[in-house]
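[1] Give me a model of this one.
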Amino acid sequence: MIQTTSGLRRLFQSLRPAASLSSKISMYRWYTSPAESSLQELSKSCVSEEDKYADVDWDNLGFGLTPADYMFVMGCSKDENFRTGQISPFGNIELSPSAGVLNYGQGLYEGTKANRTDDGRILLFRPEQNAMRMKRGAERFCMPSPSIDQFVDAVKEITLANKRWVPPPGKGSLYIRPLLIGSGPILGLGPAPEYTFLIYASPVRNYFKEGTAPLNLYIEEEFVRASPGGAGGVKSITNYAPVLKAITKAKGRGFSDVLYLDAVNKKYIEEVSSCNIFVLKGNFISTPATIGTILEGVTRKSVMEIAKDLGYQVEERQILVDELVDADEVFCTGTAVGVAPVGSITYQNKRIEFKMEGQLVCQKLYSTLVGIQTGVIEDKKGWTIEIH
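    Numbers count the residues shown, from 1 in each chain. Got it, this is the predicted structure:
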């Protein structure tokens, strides 16, 4: 049973948030996944009318870290299954210097959002898809992972515990970040002996500084994001630090982000640093196929389904960089970015510009996606989960 907010505060006044994950996993055993009635009890206990929203300048919210009150933590050894977890105040954690995640990068992360509707409901968007993707990544990295139900329940619970941090309608979302890490100590190369699943949350708005303005991308030819046989198809923490040099170089030249080419031929487009990419020509919408080097984005998958419903022909295939010259529109998708239009792409010092006037297809896709996520459009696909 989850304890009430006041109970949590009294309990954790005497506990260090940074209690060792490798030596004090037992302290996480007092909390088990609640039934629906317990979720309702938590919802009532966490937020009073006078405390409906956290003290945040919602009108000037960006995509920076504004930690919500609570995080979720659950641990197990490599030969066990995850069983129980804990809601605790957001704070630092202790790791051994020899933790698997620190030495060998044995870690995965996910990203999903909670949105508040005009009538005050809170909706999650397809968290089971994130759970399944984490399981695939855990298998690739020789890690135990939470079950689909455990993952989704934990996302529900952390959302309820941080209910007052879900922005008002139209002011942003509560970004929810699940992590799975090899937290146990190990010296020789191998799977860590212990693992930790944790979730924290932060209210956010636009990912790019441009907001909803068109992005200007730069095609990187020196560095690649992923290679065949690697980990580009899973959401590994090791996929992101290697792109920082290319991003820094591109942003220093005034670009929004980097579009990467395939590692073998250097002639097919693959992904932007943190989002998928789509190309529109006539009634055809194309996106690079997920063949091991491209992440299967939840937003990508959702936009493909929406596009098909709107009558577009959707293709997953290899896309030559030379095809960009003839594209009608280009846009990016991702949990953080939503659906973002691309105004230009620079390749080999040549700038390709795309349509930005009139009714854009990407705007139609964006409006439909956000409409479902925020309850403005009826969810006929069963994609949203309402938190009570």
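
[2] All the helices of this protein, residue numbers only.
    Assigned by DSSP state H, the helices in the chain fall at 5-12, 36-46, 100-104, 127-140, 148-161, 244-252, 298-309, 361-373.

[3] Would you single out the least confident of the ones you listed?
    Set side by side, these give their lowest mean pLDDT on helix 5-12, at a mean of 39.

[4] residues in contact with residue 371?
    For residue 371, the contact set (CB atoms under 8 Å, 6 or more residues apart in numbering) comprises residue 377. Where C-beta positions appear, they are placed from N, C-alpha and C, glycine not excepted.

[5] circling back: out of the helices of the chain, the one nearest residue 271 is which?
    Residue 271 lies closest to helix 298-309 among the helices of the chain, at 9.8 Å (CB to CB).

[6] Need the winner for burial among the helices of the chain.
    Of all the helices of the chain, helix 148-161 carries the top mean neighbour count, a mean of 23, counting by mean count of other CB atoms under 10 Å.

[7] For that helix, what is the distance to the chain centroid?
    Mean-position distance between helix 148-161 and its chain equals 15 Å (CA atoms, centre = their mean, to the nearest Å).

[8] From the rest of the structure, what touches it?
    Against helix 148-161 from outside (CB under 8 Å, 6+ apart): 2, 5, 33-34, 39, 42-43, 46, 68-72, 74, 82, 85, 87, 112, 114, 122, 124, 127-128, 130-132, 134-135, 145-146, 166, 174, 176, 178, 197, 199-201, 385, 387.

[9] just for the stretch 101-250 of the chain, where's the confidence low?
    209-212 (pLDDT under 70).

[10] quick one: the strands in it?
    Ranges of strands within the stretch 101-250 of the chain are 107-109, 112-116, 122-125, 173-182, 194-204, 215-220, based on DSSP state E, counting those that start in this stretch.

[11] Mean neighbour count and distance to residue 141 added to those, as JSON lines?
    What follows is those, written out as JSON lines (neighbours: other CB atoms under 10 Å; distance: least, CB to CB, whole Å):
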{"stretch": "strand 107-109", "mean neighbour count": "23", "distance to residue 141": "7"}
{"stretch": "strand 112-116", "mean neighbour count": "24", "distance to residue 141": "20"}
{"stretch": "strand 122-125", "mean neighbour count": "22", "distance to residue 141": "25"}
{"stretch": "strand 173-182", "mean neighbour count": "24", "distance to residue 141": "8"}
{"stretch": "strand 194-204", "mean neighbour count": "24", "distance to residue 141": "10"}
{"stretch": "strand 215-220", "mean neighbour count": "22", "distance to residue 141": "26"}
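
[12] so how far is residue 348 from the closest residue to residue 372 other than its chain neighbours?
    Spatial nearest neighbour of residue 372, excluding adjacent residues (CB to CB, 6 or more residues apart in numbering): residue 379 at 5.2 Å. Residue 379 is 44 Å from residue 348, where distance means CB to CB, to the nearest Å.

[13] The two: which is more packed in?
    Neighbours per residue, other CB atoms under 10 Å: of residue 379 and residue 348, the larger number sits with residue 379, 15 against 7.

[14] Quickly note the distance from the residue sitting nearest the centre point of the chain to residue 300.
    Among the residues of the chain, the one closest to the centroid is residue 111, at 1.8 Å (CA atoms, centre = their mean). For residue 111, the distance to residue 300 (CB to CB) stands at 13 Å.

[15] just residue 162 next, same as before
    For residue 162, the distance to residue 300 - CB to CB - is 27 Å.

[16] Residue 120 now?
    For residue 120 relative to residue 300 (CB to CB), the value is 30 Å.
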